[in-house]
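J.: show me how the following folds:
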Amino acid sequence: MSEENKIFDIPSDADNKAVEAVAETKEEIKAVASAPLIAPAPVSATDAITPIDAAVVAAKEESAAAAEAALAASAKAAKNSQKDAAKAAAKAAKDAEKAQAAQEKAAAREAEKAARKAEAAEKKAAKNQAKAAEAQAKIDACPPEYRPVSTSKFFWFAFLSFFPLIGIIFTIITSIFPKNRNIKNFERAILILFVIELILALIAMIVIIFVNGSSIDGILDAFVMFFDELFG
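T.: Predicted coordinates:
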């Protein structure tokens, strides 16, 4: 063998250390593989329950906190509801008070209006009564022959005066004998109207006689026409 081959065959320190490390590793692996299995130390019941109790306590605390929060929210909601109800009640009471005040005001206006109407009616009635009393006093102060005659009496006197045949006699009698001067003057006016009609009838008869001739038949016809016009 040459010297160069001899030099390469001599192991260096690094190689020796690597070989030793590999050998030690193999020994450790064999030791671990040949060593018996060791069971872990047993855990006590208290140590095993403790995490569960802690979880339960935490859950209870969370539930209590949630219940407390819900109770607080419910109390707050109830408080807000009571506040809103109080506001609504106050508003309703205020509205009712306003409505009642408006009704009372309207009732007062109506009562005042009715009172004014009643007062005006009383004044008018009193005025009419005063006028009627004054007129009655004047009538009572008049002498019987000058007392006023009602419209109904004048109507019936006129109706009887213009009644056919009897009217002329009734008019002559009532224009002479009644004590009341108003009735007498009224009937005298009707009598004057009859006289005017008689004169006009005579004039018409004369005209008819001259037109138809002076025969007796014409005169008789003229008288018949006159009485027909006079007495209806």
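
J.: past the strand or helix carrying residue 72, which element shows up next along the chain?
T.: Here residue 72, judged by DSSP states H and E, is contained in helix 45-141. Using DSSP H and E, the helix or strand that follows helix 45-141 towards the C-terminus is helix 151-161.

J.: list the buried residues for that next one?
T.: 157, 158, 160, 161 (16 or more other Cβ atoms under 10 Å). Just so you know, the C-beta spots here come from the backbone N, C-alpha and C atoms, and that holds for glycine as well.

J.: excluding its backbone neighbours, what's nearest the second one?
T.: Distances taken as Cβ to Cβ, 6 or more residues apart in numbering place residue 190 nearest to residue 158, at 6.9 Å, with adjacent residues excluded.

J.: try residue 179
T.: residue 145 (5.3 Å).

J.: can I assume the one you found is in contact with residue 183?
T.: No. Residue 145 is not in contact with residue 183 according to Cβ atoms under 8 Å; the separation is 9.7 Å.

J.: the more surrounded of those two?
T.: A direct count of neighbours by other Cβ atoms under 10 Å for residue 145 and residue 183 places residue 183 higher, at 18 against 12.

J.: quick one: contacts for that one?
T.: Residues near residue 183 by Cβ atoms under 8 Å, 6 or more residues apart in numbering: 149, 153, 157, 174.

J.: list the buried residues of the helix or strand where it lies.
T.: In this assignment (DSSP H and E), residue 183 forms part of helix 181-212. Buried residues in helix 181-212, counted by 16+ other Cβ under 10 Å: 183, 184, 186, 187, 188, 190, 191, 194, 201, 205, 208.

J.: so that helix versus helix 151-161, what angle?
T.: Counting by axes from the mean of the first three to the mean of the last three Cα atoms, to 10 degrees, helix 181-212 lies at 30 degrees to helix 151-161.

J.: going forward, count from 358.
T.: Sounds good: first residue 358 from here, last item helix 538-569.

J.: average model confidence for helix 538-569?
T.: Mean pLDDT, helix 538-569: 87.

J.: gap between residue 549 and residue 529?
T.: Taking Cβ to Cβ, to the nearest Å as the criterion, residue 549 is separated from residue 529 by 12 Å.

J.: now do residue 523
T.: Residue 523 is 11 Å from residue 529, by Cβ to Cβ.

J.: repeat for residue 476
T.: Relative to residue 529, residue 476 is positioned 56 Å away (Cβ to Cβ).

J.: which one's more surrounded, those two?
T.: Shown here are residue 476 and residue 529; by other Cβ under 10 Å, residue 529 has more neighbours (16 against 10).

J.: could you name the specific helix or strand carrying that one?
T.: Residue 529 belongs to helix 523-531 when elements are defined using DSSP H and E.

J.: just checking, what packs against that helix?
T.: When contacts are defined as 3 or more Cβ pairs under 8 Å, 6 or more residues apart in numbering; DSSP states H and E, helix 523-531 packs onto helix 508-518, helix 538-569.

J.: any regions of the protein where pLDDT drops low?
T.: 358-376, 378-380, 382-383, 385-414, 569-580, 583-589 (pLDDT under 70).

J.: shouldn't residue 503 be in contact with residue 541?
T.: No. Counting by Cβ under 8 Å, residue 503 stays clear of residue 541, with 10.9 Å between them.

J.: mind listing what residue 472 touches?
T.: Not one residue lies near residue 472 by Cβ under 8 Å, 6+ apart.
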